[in-house]
Structure formats: C-alpha cells, structure tokens
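Undergrad: Curious how this folds, go ahead:
(4 chains, ligands or ions: 4)
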Amino acid sequence: MAEKNIPMREALRQALREEMLRDDRVYVMGEEVGQWQGTHRVTQGLLEEFGAKRVIDTPISEMVIGGAAVGAAMAGLRPVAEFMTINFAFLALDAMINHAAKIHYMFNGQFKVPLVFRAASGWGNQATATHSHTPEPIFAHFPGMYVACPATPRDAKGMLKASIRDENPVLFTESIALYSKPGPVPDSDEFVLPIGKSEIKREGKHVTLVTYARGVEWSLAAAQELSKQGVECEVIDMRWLRPLDMEAVFESFKKTNRCVVVEESLPLYSFGSEIAAQIQDQMFDYMDAPVKRVSAMDVPLPYAHDIELMALPNTQKVIDAVREVI
Amino acid sequence: MAEKNIPMREALRQALREEMLRDDRVYVMGEEVGQWQGTHRVTQGLLEEFGAKRVIDTPISEMVIGGAAVGAAMAGLRPVAEFMTINFAFLALDAMINHAAKIHYMFNGQFKVPLVFRAASGWGNQATATHSHTPEPIFAHFPGMYVACPATPRDAKGMLKASIRDENPVLFTESIALYSKPGPVPDSDEFVLPIGKSEIKREGKHVTLVTYARGVEWSLAAAQELSKQGVECEVIDMRWLRPLDMEAVFESFKKTNRCVVVEESLPLYSFGSEIAAQIQDQMFDYMDAPVKRVSAMDVPLPYAHDIELMALPNTQKVIDAVREVI
Amino acid sequence: MAEISKNTLLDWYRQMVLIRQFETRCDELYRDKKITGVYLHLYSGHEATGIGALAAIEKRDHVITAYRDHGLALIRGVDAKPLMAEMMGKRTGVSGGKGGSMHLASRKHNFWGGYAIVGGHLPLAAGIAQACRYNNTDEVVICFIGDGATNNGYFHESLNFSQIYKLPVIWIIENNLVGMGTRIEDASGQPILHRRADAYGIKDLERVDGQNVVEVYNRVKEGVEYARREGPVLIESMTYRYKGHGVSDRSYDKRLADELKDWVENKEPITILANLLKTEHGVDDHQLEAIVDQQLKIVEESVEYALNSPDPDADDLVRNVYVE
Amino acid sequence: MAEISKNTLLDWYRQMVLIRQFETRCDELYRDKKITGVYLHLYSGHEATGIGALAAIEKRDHVITAYRDHGLALIRGVDAKPLMAEMMGKRTGVSGGKGGSMHLASRKHNFWGGYAIVGGHLPLAAGIAQACRYNNTDEVVICFIGDGATNNGYFHESLNFSQIYKLPVIWIIENNLVGMGTRIEDASGQPILHRRADAYGIKDLERVDGQNVVEVYNRVKEGVEYARREGPVLIESMTYRYKGHGVSDRSYDKRLADELKDWVENKEPITILANLLKTEHGVDDHQLEAIVDQQLKIVEESVEYALNSPDPDADDLVRNVYVE
Ligand SMILES: Cc1ncc(C[n+]2csc(CCOP(=O)(O)OP(=O)(O)O)c2C)c(N)n1
Ligand SMILES: Cc1ncc(C[n+]2csc(CCOP(=O)(O)OP(=O)(O)O)c2C)c(N)n1
Ligand SMILES: [Mg+2]
Ligand SMILES: [Mg+2]
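TA: Numbers count the residues shown, from 1 in each chain, chains lettered A, B, ... in the order given. Ligands and ions are numbered 1, 2, ... in the order given. Predicted coordinates for the structure are as follows:
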C-alpha cells in the first residue's frame, strides 16, 4: 500500500473524514470541534466539508455529550463524540460506564451502542494536576466498552476507522504529545486495523517491553540505546487496553523470559499491574526475573516543568528498569 | 476493652455519633441521611439528636454533594458526605479526584481537605449492572485521597473514626452485604484504628489470602474449610486500598510463599492485579507458585439471581484457587 | 380540543386497571418472595399521566423513562407476560432476565427503557431525538423525569442541549411531590418545576392535573404538535405515588398517611375516569367490572407464565457483553 | 447609592492599570518562552468586573474563580511577585510553582483559588458558604462563573443547592459573550443568563455593565447586603476578553476583529474610569500617568523576582500529596 508521512492529528482527521464519507450515519460532536476547528485541530475542515448537521459544536456539557451519544447510537447513528481532554470525561463517567458500556447487556441485546468517545490524553507541558491524566486503565476496568490507545499515525488511522465501524462503544484516547509527530500512513480508505490486536513494534530476544501509546516512543528509544549495548528488546504495543491481547505478550515472554511494562499512567491499580499479574500467573515457569514497571510517579502532576518531568516516565527510566531484569 | 456485639451499620453509626459529639465541626450530608434515617439506616437517629444543621438532607445532586464537601473542608469543617451507593459517586468523580484529592497538592499545602466520602458498595441482591459496582480500586488509582474498605463492625468503627479525624480526604466504602452482620465492637469512644494498616484476620502458614471488605468473609470461610484438609491459610484483610500496606503482605508471603487475592471487584486493572504485581516484583525469590486471583467475572452484573451469583466470587472459588497454588 | 371517543376512554380505563392490577400483583409477589430483586418501584397512582401522555403520540414515536417503568411498558403495548417474567428474572423476560424491574425495554415498541441512575436517561432522550432530526423524520421522544431528578446536572445539560438543537422532546416531569423521602420544596430552591423551562428557552406547557387522563392527553398533545415542528417542550404533571418509593419502603403509608388518603379519596385517576365514563358516556358499573375482570385475568396469566419460565443460564451470563 | 470617593476611584484605577500591565507582560513572557505552561488565560478587558465586585466585600469575605484568575488575585491584594513567580513555576510562587497560572490561591487573602475544570469550583463556593453559615458568621462568598460554565451540570446543582440552604453566595457570571470559540447563543438555549436565577428561586440582580466599575460595584454591593442576611444572588456582568481564550489562541483578533475593536474603542474600562476621574474629580493626565508608571515598575519588579527565583526540587515534587 502506498504511504504518506503525516502527523497523527492528520491521520485521525483522515479516518474521520473517510468514515463520514463512507457512512452518512457517522457524525462528530463535541466542544469546539466545528468552528474552532478542534482544540487539537483533529477535526479541522470537517465543518466546512460536512456542515453543521454532521459536525456539531456543543456547550461545555460533558454529561449530555456522553449521554446523547449513547442515545443517538442506540437509535442507529454512529456518533463520534469528542471530550476535549480525557480529564473532562470524568464528568461523563456515568454516561460511559453505566450507560454506553451496559445497555447492550442490560437489555439483553435489544440495543447496540456503536459509538466512539474520542479524548485527548496525557500531557507533559505543564497542564497541571487536573489536566494531566492518563486514566485509560480505569476506563478499561469495566466490561462493555473497548479502549483504544494508538501510538503511531498509522495505528491511529486504522484503529479509529475500526472503532467507528465496530458495533460496540469504544473509548479512543489520543496522546497529546503524539499529535504532531509524523509517521507513514497507508494512503487508502480501506485501511482498517482489527480491534484488540497488539503489534510488535520492534523484535528482540532478551526482554519484552509491554507498552502502549506514548510509552511506545520511550520503549523504542530505550531499545535502540540498549541494542548498542547488546541487549535486544522486543517492544509490544498493546494498542488496546480492552480487549487485551495477552496472547501476544505470552508468546514474546516465552522467548525472552523477562519483561518491563512501560506506561504513562499512575502506578497503582493500573496497566502495569495487570500485565505483570497476568504474566506471573500464566508464565510462571518462564520467568527469569520479576516483571518491572515504569510508570508516572504516584503524585498529582505539578506545574513547574522541572519537577513535572521528574514525575513522568522517560527513556532513561525504561533503560534502568531493563537493566534490573537482565 | 469491653465489647458489644453489633451489626456494622450500628458500628458506623456509633463512629459518626461519637465524632459528632467530640468535634462540632463534624457533620453529615447526603441524600436521605436525615428524615429518611439513611437509606441503609447508618445515620438513623442522628437528625433527631443533632438537628438539621449537622445532618443535612440534600437533593439528588452528587456533583454538588461531592464539591460542597470539598469547599466546606477547605474552610475548616469536617464533612462526612454520603453517596447513597458508590455507583452514584461516578457523577462526583471529578469533585473527588480533580478536587478533593488534588487541592492540597496543587496549592502547595495552603488548604487541607479533611473530609470523608461514605459510599455503600457492592451488592448481590439483584441490584443489576448500574447498581452493583465495587470500584474501590479505580478510586485508589489516584494519589491524594485514602480509600478505606472495612470488613467487620469493629474495623468499620475504628476506621471511620480515623477517617473523620484525619486531615486528608478519605473515600470510605461500606459493603452493603455486611451492614447487617454483627460482630464485637469495643465499647469506647476512643477506639480508633490507624490509617493504612492491614490486619491478619487469621494466621496460617501455607497460603496467604490477601483480601478486603466482603472478600474477608469468603476468605475466612475458605480458610476454615481448607484447614479441615490440613491447609492453613493466613488471611490478610488489607482494610485500606490506599495507603496500601504491602509490607504486611510481604511479611506473610515470606512465610507461605503462596498467595491468592480475593476481591469482589472486576478482574482487570484491579486490586488483585496490583497485589499480584507487587508480590512478583518484590518477592520473586520467595514464590513457590503464581499468585492467583479470585474476582467477579468480567461481565456487567445481571438481574437474575442465579446467574448473578455465578458472576460473583464465593467461598468455593477461593478454595479452588488455593488448591491451584498448593 | 378534539372530542375523545367513548371507545378511547374505555381503552384508557382498561390500561389504568391493567397497570393497577399488575402493580398490585407485583407487590404481593415481592412480599411472597417470588420477585426477589431488591428494587421494585410501582406506578400505582401515576397511571393517568402515563396513559394520557402516551395516547398523544404514535407508534413510530419514542418513549424513555426512569426505573418506575412497568406502567409505561404496558401502555406502550408490551405484553404483560414478558414483563412479569422480567420481574422474576426469567429468560423469557423482555430483557432476558438481565435488566429486571428497573430496566424494562422493548425495542420493537419504541420503548427505550427504564433507567436506574437518576437523570441518566435524559441525555439518552436527547440523543434519540437527535437521531430523529438527523434522519429527517418528524418523530418525537417523550421523556419522563421524576421531580427529584430535576435537581441533577443531567437535567440541566440535557434540557439546554435539546433547545440548542431544537430537538423534538416532550420533557414530562412526573411530579409526585417527593423523591424517596425528600419533598420537592426541600430539594428545589424553586419548587414550581416547569418554570425551569425558561432557563433554557424551552416552551413551557406548565402544570397539568396528572390524575386526569383527559387533561394530560390534551396538554401533551399540544406539546407533541409543537415538538414535531419546533422543538422541545416542558410539562409538569402533578401526580402521586401510592406505594412509597419502592416496595421495600414500608413506612410511607404511616409517614404520609393523610396526604395519601387525600389523593386516594379525591384524586384517584381510575375513579375520575370511571365517573366521566358513567356521567358522559352512559357506561355502567357492569361494563367497568367486566374490564377489571379481564385485566385481572391477563395479570394472572402473566404470573403463571413467569413462574413457569426458565431461568437464564451460564451462557446468558456472558452473552451480550459485546456485540459479536 | 453611596458617593464613591476620589481616592477610592483612584485606587480602582491603580488596580486596573496594574492588572492590564501584569497581563500584557505575561503575554510577552509567554511569547518569549519565559512562561512555558501551555495554559495562560488573561484577564485583560475584565478588570472593571473584578475590581467593582471585590470592592463590595471585606477582607473576611471570600473569593473563588475559574482559571482566568490573575486579575482577581491582584485585586485581592496578593503581591505581584509571588504571582509572577507562579506563572514561571517557581518555588516562590503563591502555589509553590505547583499550581501555575490556572491555580493561583492565597489562603491568607481569602482568595480560594483559580480552578481549571469548568464549573468545578462552583460547588466549592457553596461549601465555603456552608461553612460561613455553619460557623454563624455573616461572611459571604463571591464566585465568578464564565458564561460557558453556566451550561454545565455543576452550575445547576450548585445554584440550586445554594438556594435550598440560603447560602451567602454572590454568583457573578462574567459574560464575555464566548467560551473558547462558542458564542453564548450557540451554547445556551436561552442566552440571557441571569434569567436562570428563577429556576432556583435565587434573587436575580440582572445584567450590569461589566466595563463600568462603579456600576459593577453598586450592583454587587446590593448583592452582598442581600447575601449576608438572606441568601444567594445571581448577577450577570457583561464584559469582554481582549486577548482570546488563552494566550495560545492566536486567531481571536482576526476572528473577532470588529467586535474587539468596538469593545476596546467604546467600552474600555480604563478609559471609562479615567474619564470619570477627569470630568468629575479634576484628576489630570499627569496624575494618571504617574499611576501607570508606578504599576509598570511593580510589574517589572515582579518579573525580576520571578526570573531570579529558584525552581522547585525533588522534595517539592513529593511534598503535600497528603497532609503529614
Ligand atoms: C444518581 C442517583 N442518585 C441517587 C439515586 C438513588 N435514588 C433512586 S430513586 C431516587 C429518588 C428519585 O425521585 P424522583 O426523581 O422524584 O422519582 P420518583 O421515585 O418519585 O418517581 C433516588 C435518590 C440514584 N438511583 N441515582
Ligand atoms: C469540564 C471542562 N470542560 C472543558 C474544558 C475546556 N475549557 C477550558 S475553558 C473553556 C471555556 C470556558 O468558557 P467560559 O466559562 O465562558 O469562561 P471564559 O474563558 O470566557 O472566561 C473550556 C471549554 C474544561 N476546562 N473543563
Ligand atoms: Mg418523585
Ligand atoms: Mg466566556
């Protein structure tokens, strides 16, 4: 497939645009998605192209953004509702967990809820404690809604298209730090990635790095550095926190017998906890060392840039963790 | 200390009453806490004794219940705000996580937020998917707010009093299934348990069962049954999901080299994940078997009682898990 | 205001009696532990509001409500059998035994369900209405709201949202004066709830006597006509719950004895309609009793059906978590 | 309406100039990458609303607002130095460099802070007011609300709550016509926002010209007197943001050029006050210029102070997660 080098925000925009062209039930709704062209410019140009019927600017009302998307999806539309950042999705937790994720089950399959909640996640440019969450794992705690967390423009496009086409609700998070990063993206409107499938982003035989979203970048950088020192890391981008592709992790672990989990999130009751717990459970006899975790520090994120950076994971912390297991 | 046998709801009521008598900044607020005498009868009699100034019935407005408690605590009061059930606390997630848990840090210690959010959790009597959550772990994911989950009337009293006296915000969850269960409670208004301290509820040497709240009951029952078969389980009631008393777990594990985690919650990104992850990390050389987890099934809870029970953990499931590790 | 035919009134009478009997039977079954779910909220006392309102819309229109949903499901034409089966958590229930009393729904009746999180269904109503407009239909959505729910953030955001996009929603507050144990005047800074319409620029159709089915019908009809063409309306229907908040609320008849007595004696919707049928349409007691007998039979058959239905099994437990 | 002394007016002028200079300097520092936080929302254009409102309360009273908080901190008497230091994330900042531009607070000035979740501080205001009543004081709380925030659930629940318990809150909507890029009429089904007071039974003090500091003062004064004795009031102050939503919003002066021009030319709060001082109180341009120079100096000193302050360190990072 021919490819073009574009930033993630553009890949996401392509996905939205292509799906809106393909299926006129698909529409976009959220704060500043239209006239403002999207806070993160993901929806740029869509209002002009598709008009106000399909690109809907909303008030600052996360509860109804979340809940109206559920109702519209039940009624046969395919809303893509944007939360400007995932921090504001806290206000829609009930709509997402008690409604989007439960309705198909609770009414025994009578309704489907084919919607996508898009939300910008993470940060690292001094957005402070209330605006710096990466709470994907807590949303993925609950059954009924998939959670997608792409790491590259290519994945962003393929996974967003898959999410829009799927019949289930999907929380689709986008790392703010990745929006501007370019990468090759297939130049086809039929490029769709499967739901729940991880990808090996780098092959290696000594240690398995299990990660997602922004963690992929740190992991790949660490792998490159470590490779110079003779340590070959296999980097698995989970891509989806639900469904969780543990088979791929186990496959790799059987080869490497060592693992470091890398996540932008807080450490407790989190992504790393789950991966580590499953590995020790299923791969006990293959373990040559404990699974180590690289996470954000267990503090609210501060404003000052120097200490903010201390709190966040980075390449060096990944390298250090790998050194601990080999 | 002299003791009386009383159900958990009464122990909680004692704690509230004693602290209200001790400190007139303490007050109770929530839906139906006053005239109705509390949905779960925990606040019974308090309105009559303390009047409407200190026992405040609110509208069905979880966002302001959560946020007003934060403001009042910042201003020097000691609110005990009740969410009728923790499911409705989803609507207050922002007030709890972005405000209660962050304000002390964000303003560099200028304000303290000494409040308690009480919430009835769990269920199992066909309350259905939207009303059957035990999401303590997702609240404990975030730093800045303690999470208390008592298992016995004694602990309920001592932990609630500790929570009210502490200068930090506390989410205090109460298992609905335990409200009516009686147990011995010290007959003293100075009985206070320390924050963040677990308790060994049964000693044993073969397997460590790590659990909290309702899981303690299943674990103790399993331990009793297994004991007849010569397997002695040590049952650690964590009591607090934050701070998390891992030292006690490690101490026990060094002795038993085996562990099963028992929780009422959903399995993914949860309590069991964290405990298992930390054990394999810190106790790697002591592990004779993988840590196993007993959790609710990864489904929304259905109404019909037969299948609801299938989805929930129980004593037999704990026994089966122990059998797997010995 | 169009004249309402005798046959229509008789049908409304039939519906009222059906609901009342159904709910009375549920209450008994709960006490007999045949219905075991902890939550069971009866519609007794509210019948005229539901019947009048739903008579004003068509089959292609949509209905959504909170957990006090049995009556509305019956009015919408859902058969009593799968409803009663749902109460008992049976596989043959409308929601396969997975939803229970609070989560009845029937897609094919455009009955979008009962919802148990207070206020949680309001944005869903807005979303369904958005779909109606999106698809260029002139269908409308009736959304019932408890008085207690009007103080929740969902109410504010949903009503405002509906007006911004001129969504075809008839918002009906079923004001039964109380939410659990809290009186409207203790829960609402301003207790005349329909006046909140102005905050959003929504057409205010004010208060209606919710115990008089004809009045409810006429007012909602006006609202439906407006909503089809223009946008949302708000109606406050004054009604009363006869059986406490839920069946487990055992103290209401002591707590509210005088008030309850007043409503039952002076504002009973079945009596009001029976009187109208007798004085204006020459219907006699025998005819009415025949209707009652017929409905009793339907309810009894539903109980039989439910009792004899199978429970869901392990496969049902894991089915429909996701669309496969 | 009491006569306002020349000295008071001159002090208000000083405050206005201080804020304007402070914000202008912040803007420059952001462009020069000396202020590096992504969020920086300036108060330029809003000065008269903040100054008039806070002049109407006493030191013992309380103030809380959203992220557009620099101006209010200055008015409340917080020194420019720790404020500027906070912008730069320095250890000497009011919030120790941990809060940043959006989270300024000074406990000792009863300035309860800026908050970055839209609507999130409204229930906090209610809680602080609850404490005032609980402690039997007659202190009041002024809570500023963006027009955009009035469509959020927090607004609804908090205002209703305040009226139920007659809490002493002066709710002031700073209506600058837009929330980020969304016009009030696109966000509010009914765009005359103070009319929402009626939904809660709150005393409606209607709209005031937010660019005229004297008018703001008088109206808020009325509100404060009412709130001290009776309960909450709602005021809508019509104002305008000169610098876009935040400093990173680079397109506003193109997008809203005509509107901006109109406000700057015809409704500039500093000019309005200067004219009053000159025509009614015989103040001349030299006097006013002297005030400007003085404020410029204060701002420059604050920049120096901030630039020379130390960064927080690893200990600061982990301090204050909990009260130890
Ligand atoms: C968000 C939320 N908070 C609290 C509850 C508990 N609760 C269930 S029904 C109810 C009262 C609702 O009263 P109202 O809206 O007047 O409806 P009614 O029961 O009178 O029909 C409450 C508080 C809930 N289900 N959801
Ligand atoms: C709950 C929430 N949703 C969205 C945002 C993003 N956001 C920040 S400010 C803002 C606009 C607020 O406008 P308004 O209330 O009018 O205040 P103004 O900026 O005009 O002072 C938005 C949408 C947020 N911070 N919080
Ligand atoms: Mg009611
Ligand atoms: Mg604004």
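Undergrad: Around chain B, pick out the residues from the stretch 51-200 of chain C.
TA: Counting by Cβ under 8 Å from any Cβ of the partner chain, the positions of the stretch 51-200 of chain C adjacent to chain B are C:86, C:89-91, C:95, C:97-103, C:115-120, C:148-149, C:151-153, C:179-182, C:186-188. Glycine gets a C-beta too; all of them are placed from N, C-alpha and C.
Undergrad: Now, those that are in strands?
TA: C:Tyr115, C:Gly179, C:Thr182 (DSSP state E).
Undergrad: ranking the residues you listed by neighbours, who comes first?
TA: Ranked by neighbour count (other Cβ atoms under 10 Å in any protein chain shown), those have C:Tyr115 at the top, with 28 neighbours.
Undergrad: tell me the contacts of that residue?
TA: C:Tyr115 makes contact with A:His99, B:Thr130, C:Ile64, C:Thr65, C:Ala66, C:Tyr67, C:Met102, C:His103, C:His121, C:Leu124, according to Cβ atoms under 8 Å, 6 or more residues apart in numbering or on different chains.
Undergrad: my read: the fifth one touches C:Gly148, true?
TA: No. Shown here, C:Ala66 and C:Gly148 do not form a contact pair, counting by Cβ atoms under 8 Å, at 9.5 Å.
Undergrad: shared neighbours of those two, which are they?
TA: With contacts taken as Cβ under 8 Å, 6+ apart, C:Ala66 and C:Gly148 have C:Val118 as neighbours in common.
Undergrad: Tell me where the stretch 1-150 of chain C has strands.
TA: Per DSSP state E, counting those that start in this stretch, the stretch 1-150 of chain C carries strands over the ranges C:62-66, C:111-115, C:141-146.
Undergrad: So which elements touch the last one?
TA: Spelled out, it's strand C:141-146. helix C:47-55, strand C:62-66, helix C:122-134, strand C:169-175 (3 or more Cβ pairs under 8 Å, 6 or more residues apart in numbering or on different chains; DSSP states H and E).
Undergrad: What lies in contact with the second one?
TA: Yep, that's strand C:62-66 we're talking about. Contacts of strand C:62-66 (Cβ under 8 Å, 6+ apart): A:75, C:54, C:57, C:72, C:76, C:110-116, C:118, C:121, C:124-125, C:128-129, C:132, C:139-146, C:149.
Undergrad: Now narrow those to whatever sits close to ligand 3.
TA: C:Gly146 (Cβ under 5 Å from the ion).
Undergrad: biggest helix in chain C, by residue count?
TA: helix C:6-31 (DSSP state H).
Undergrad: does any part of that one sit near chain B?
TA: No. Helix C:6-31 stays clear of chain B (Cβ under 8 Å from any Cβ), getting no nearer than 11.6 Å.
Undergrad: mean confidence score for that helix?
TA: When pLDDT is averaged over helix C:6-31, the result is 98.
Undergrad: do stretch C:297-313 as well
TA: For stretch C:297-313, the per-residue pLDDT averages 98.
Undergrad: gap between it and the chain center?
TA: 22 Å (Cα atoms, centre = their mean, to the nearest Å).
Undergrad: where does chain A come near ligand 2, residue by residue?
TA: A:Glu31, A:Ile60, A:Glu62, A:Met84, A:Phe88, A:Leu91 (Cβ under 6 Å from any ligand atom).
Undergrad: Columns secondary structure and neighbour count on top of the residues you listed, output as TSV?
TA: Output for these, formatted as TSV (DSSP: H, G, I helix; E, B strand; the rest coil; neighbours: other Cβ atoms under 10 Å in any protein chain shown):
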residue	secondary structure	neighbour count
A:Glu31	coil	27
A:Ile60	coil	27
A:Glu62	helix	31
A:Met84	coil	22
A:Phe88	helix	26
A:Leu91	helix	32
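Undergrad: What ranges does the stretch 201-324 of chain C have for its strands?
TA: Ranges of strands in the stretch 201-324 of chain C, per DSSP E, counting those that start in this stretch, are C:203-209, C:233-238.
Undergrad: do the same with the stretch 151-300 of chain A
TA: A:170-175, A:182-186, A:199-202, A:207-211, A:233-237, A:240-242, A:259-262, A:292-294.
Undergrad: Determine the set of other helices and strands touching the fifth one.
TA: Helices and strands touching strand A:233-237, as assessed by 3+ Cβ pairs under 8 Å, 6+ apart, comprise strand A:199-202, strand A:207-211, helix A:214-228, helix A:246-256.
Undergrad: for A:Gly30, phi and psi?
TA: Phi and psi for A:Gly30, reported as degrees, to the nearest 10, are phi 160, psi 180.
Undergrad: what about it, neighbour count?
TA: 27.
Undergrad: Show me what it is bridged to.
TA: A:Asp57, A:Glu82 (DSSP bridges).
Undergrad: which ones are touching it?
TA: Applying Cβ under 8 Å, 6+ apart to A:Gly30 gives the contacts A:Thr43, A:Ile56, A:Asp57, A:Thr58, A:Ile65, A:Ala81, A:Glu82, A:Phe83, A:Met84, A:Arg118.
Undergrad: how near is the third one to ligand 3?
TA: When you say that, I think you mean A:Asp57. Separation of A:Asp57 from ligand 3 (Cβ to the ion, to the nearest Å) stands at 34 Å.
Undergrad: got a pLDDT number for that residue?
TA: Per-residue pLDDT puts A:Asp57 at 98.
Undergrad: In chain A, what residue lies closest to ligand 4?
TA: A:Ile60 (9.7 Å; Cβ to the ion).
Undergrad: ok, that residue - contacts?
TA: A:Ile60 sits in contact with A:Glu31, D:Val118, D:Gly119, D:Gly148, D:Ala149, D:Asn151, D:Asn152, D:Gly179, D:Thr182, D:Ala187, where contact means Cβ under 8 Å, 6+ apart.
Undergrad: Scan the helices and strands of chain C for the one with the lowest mean pLDDT.
TA: helix C:252-255 (a mean of 75; mean pLDDT, DSSP states H and E).
Undergrad: Was I right to think A:Glu263 contacts A:Ser295?
TA: Yes. Here A:Glu263 reaches A:Ser295: they are 5.3 Å apart, a contact under Cβ under 8 Å.
Undergrad: tally of neighbours for C:Tyr226?
TA: 17.
Undergrad: isn't it right up against C:Arg219?
TA: No. When contacts are counted by Cβ under 8 Å, C:Tyr226 is not listed as touching C:Arg219 (11.0 Å).
Undergrad: Can you tell me, leaving aside adjacent residues, what's nearest to the closest residue to chain C within the stretch 201-326 of chain A?
TA: In the stretch 201-326 of chain A, the residue that lies nearest chain C is A:Pro243 (8.6 Å; Cβ to the nearest Cβ). Excluding its sequence neighbours, the residue lying closest to A:Pro243 (Cβ to Cβ, 6 or more residues apart in numbering or on different chains) is A:Gly196, at 3.7 Å.
Undergrad: ok, that neighbour to ligand 3 distance?
TA: The value you get for A:Gly196 to ligand 3, if Cβ to the ion is used, is 43 Å.
Undergrad: ok, now which ones touch that residue?
TA: So A:Gly196 contacts A:Tyr146, A:Trp240, A:Arg242, A:Pro243, A:Leu244, A:Asp245 (Cβ under 8 Å, 6+ apart).
Undergrad: Among the residues of the stretch 51-200 of chain C next to chain B, which ones are in helices?
TA: Those of those lying in helices (DSSP H): C:Glu86, C:Gly153, C:Asp186, C:Ala187.
Undergrad: Show me how the record splits chain A into domains.
TA: The domain map for chain A lists A:3-186, A:199-325, with the assignment taken from automatic domain parsing.
Undergrad: picking up where we left off before, could you give the backbone dihedrals for the residue nearest to A:Pro243?
TA: Torsion angles, degrees, to the nearest 10, at A:Gly196: phi 80, psi 20.
Undergrad: What distance do you get for it to A:Thr85?
TA: 25 Å (Cβ to Cβ, to the nearest Å).
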